[in-house]
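Student: Predicted model and sequence below, questions to follow.
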Amino acid sequence: MKRAYLIELTIFRDYGKQLLALGFLVAVLVGCGMQTVLAAPSIITCMFFMMGAMGAAAYDEQNDWGRFRLTMPLSRRDVVLGRYGAIVTLGLGGMVVGLLAAFAISAVASVVELPGELSQALTLDTGTLSAMAFATTFCLLIGVVVASVVTPIYFRLGQTKATQLLPTIIVMLFVLPVVFLGNSGLLDGALPGAEQIAAFLAYIETPEGLAVGCAGMVAAAVVVLCTSAALSLRLYETREL
């Protein structure tokens, strides 16, 4: 697995450097444009997990790399686990870049007087840090879920065929349920479990609740990744290249 992981990182090297630099720039622009550093780390984290999965799949069909890789001393299990390791590395790298950008913006705003009370809006306080931690962890979970859905499809069908089917799959999994619930009338009136949701949100605002919520989302992301990796391995073993 280690060999496959290092190969993935080597292939990702130039792409990853460009993506990290672009992510830092996007984080700075998002922070200044929204006049808050709260959203930048979460957006970049989610984006990097999704782009890691899609970018890695794109390399498989360049110069027939997917077939040539299997002629090396690598098992299909090594390939799958190495791919997931690279996706997680890039996603966590995006989170670090987003956080660094957020802290850099706040540091500049604290020493330089920016127009339109922007310096005050970009200042980090305890409330902003807590909200940033929760939002970043939540978007990490979203990015992991999307990457975990698309990666098995890439392993089974290849990048070209999967790209043709993914829009339909994404709509069916993420858009149609929302449309159905909105038009079904199930959410009219009192929302089922509204009191429990309100109590949970109030609990999340406490330091203990924030720690429990973030830990729970990280644990859920790990479970989703492990399940997706197991599915990818099963699908990839039956694929003829």
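Tutor: Done, it's in.
Student: What residues does the nearest residue to Ala131 once chain neighbours are set aside make contact with?
Tutor: Of all residues not flanking Ala131 in the chain, Leu38 sits nearest, at 5.5 Å (Cβ to Cβ, 6 or more residues apart in numbering). For every residue, glycine as well, the C-beta is placed using N, CA and C. Taking Cβ atoms under 8 Å, 6 or more residues apart in numbering as the criterion, Leu38 is in contact with 128, 131-132, 135.
Student: Beyond the helix or strand of the chain with the lowest mean pLDDT, next helix or strand please.
Tutor: Every helix and strand of the chain was ranked by mean pLDDT, DSSP states H and E. The lowest is helix 176-184, at a mean of 68. Following helix 176-184 in sequence order, the next helix or strand is helix 194-204 (DSSP states H and E).
Student: tell me the average confidence for that following helix?
Tutor: Across helix 194-204, the average pLDDT comes to 77.
Student: again with stretch 13-22
Tutor: Here the average pLDDT along stretch 13-22 is 82.
Student: rewinding a little: format the contacts of Leu38 as JSON lines; extra columns: pLDDT, secondary structure and neighbour count.
Tutor: JSON lines is the format used below for the contacts of Leu38 (pLDDT from 0 to 100; DSSP: H, G, I helix; E, B strand; the rest coil; neighbours: other Cβ atoms under 10 Å):
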{"residue": "Thr128", "pLDDT": "81", "secondary structure": "helix", "neighbour count": "16"}
{"residue": "Ala131", "pLDDT": "87", "secondary structure": "helix", "neighbour count": "17"}
{"residue": "Met132", "pLDDT": "89", "secondary structure": "helix", "neighbour count": "21"}
{"residue": "Ala135", "pLDDT": "91", "secondary structure": "helix", "neighbour count": "18"}
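Student: nearest to Tyr84, of these?
Tutor: Taking Cβ to Cβ as the measure, Tyr84 lies nearest Ala135 of the contacts of Leu38, at 24.2 Å.
Student: shaky segments in the chain?
Tutor: 63, 116-117, 174, 178, 181-194, 241 (pLDDT under 70).
Student: What segments of it are strands?
Tutor: Counting by DSSP state E, the chain forms no strands at all.
Student: hang on, Gly93 packs against Lys17?
Tutor: No - in terms of Cβ atoms under 8 Å, Gly93 does not count as a neighbour of Lys17; the distance is 10.2 Å.
Student: hang on, the earlier thing: distance of the residue nearest to Ala131 from Gln196?
Tutor: With the distance defined as Cβ to Cβ, to the nearest Å, Leu38 ends up 26 Å from Gln196.
Student: I figured Val149 hits Ala162, correct?
Tutor: No - using Cβ under 8 Å, Val149 makes no contact with Ala162, being 10.9 Å away.
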